[in-house]
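Asker: Using only what follows, build the 3D model:
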Amino acid sequence: MSDATAGIARPIPLPETDRGSIQSIERAAMVLALFDQHTRTLSPALVSERLGLNRTTAHRYLLSMQASGFLSASYGPGPLVDQLSGLVSTRQQIMTLAPSLLRQLSDRTGLTAVVSFLGRSGAVVGHVEEANEGTIVLTVRVGTVLEIKAAQSRVLLAFQSDPAVVSRLHAGLAPAEAQREHAELALARRDRIAWADLGRVGLASVAAPVFGADDVQAAMAVLGTTTMLPSSTESEERVTMLREAAEQLSAMLNG
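Answerer: Alright, predicted model coming up:
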């Protein structure tokens, strides 16, 4: 091997089974991309003509995508596409509406205000409005994946309609720890707020759910020091402000 190529990582060939799976995904994406303002339903003939597939293969792809929910019985956009588009639409709404509400919440409480969405391994920070007062400002970066015991992760899991989501995210916890987390989720459902338990001395956060038409869509939270945000009745006024802001955002989404 020459010195010029010694440091270059060579691609590892994929096994045949993996290449076949990836090709199937790419072709499914190409089939979905055939939808436009003029094409509202598909057919084996149309897919065959536009993608250069034989009709038997095209028909097989349509049937498989129909069974998976990507296509409807008439080979139009299926329920899974509707579900995903609805999710994207709601998140776009939240990202449009939330910043001004978070700014107001931060100004009223003197704390950093955040909105997050549920990702694959926990809440993911979508927008942050930092507190304008004080010499020390606690914040979190947009895109940060929060821990399972973060307030926002807890409140999003507490109101999940699909128990499999909670089971998957708690799978890495020890049995006793998972049991404690289930108890915390029950408290969050009862109180409609969740507190963080990250083992970081001096820091605190509390979150409230934001609901869409059918399910919890986001978590709104405030972050601060335990002096400013103690998990006791001393924080009641700030927690009330948080709840009101989350309820206002929910009402705007459902209005």
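Asker: doesn't Glu181 make contact with Leu173?
Answerer: Yes - assessed by Cβ atoms under 8 Å, Leu173 is found in contact with Glu181 at 6.4 Å. Bear in mind the C-beta positions are built from the backbone N, C-alpha and C, glycine included.
Asker: Mutual contacts of these two, please.
Answerer: Residues touching both Leu173 and Glu181 by Cβ atoms under 8 Å, 6 or more residues apart in numbering: Ile148.
Asker: so what's the closest residue in space to Ser43 that isn't next to it in sequence up against?
Answerer: Excluding its sequence neighbours, the residue lying closest to Ser43 (Cβ to Cβ, 6 or more residues apart in numbering) is Tyr75, at 6.4 Å. The neighbours of Tyr75, taking Cβ under 8 Å, 6+ apart as the test, are Thr41, Leu42, Ser43, Leu62, Gln66.
Asker: could you redo the last one with a cut-off of 10 Å?
Answerer: The neighbours of Tyr75, taking Cβ atoms under 10 Å, 6 or more residues apart in numbering as the test, are Val31, Arg40, Thr41, Leu42, Ser43, Pro44, Leu46, Val47, Leu62, Leu63, Met65, Gln66.
Asker: For those, could you give me a markdown table that also reports neighbour count, distance to Ala246 and secondary structure?
Answerer: As requested, the contacts of Tyr75 are exported to a markdown table (neighbours: other Cβ atoms under 10 Å; distance: Cβ to Cβ, whole Å; DSSP: H, G, I helix; E, B strand; the rest coil):
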| residue | neighbour count | distance to Ala246 | secondary structure |
| --- | --- | --- | --- |
| Val31 | 23 | 40 | helix |
| Arg40 | 11 | 38 | coil |
| Thr41 | 12 | 40 | coil |
| Leu42 | 23 | 41 | coil |
| Ser43 | 15 | 46 | coil |
| Pro44 | 19 | 48 | helix |
| Leu46 | 16 | 46 | helix |
| Val47 | 22 | 45 | helix |
| Leu62 | 19 | 43 | helix |
| Leu63 | 13 | 44 | helix |
| Met65 | 20 | 38 | helix |
| Gln66 | 17 | 39 | helix |
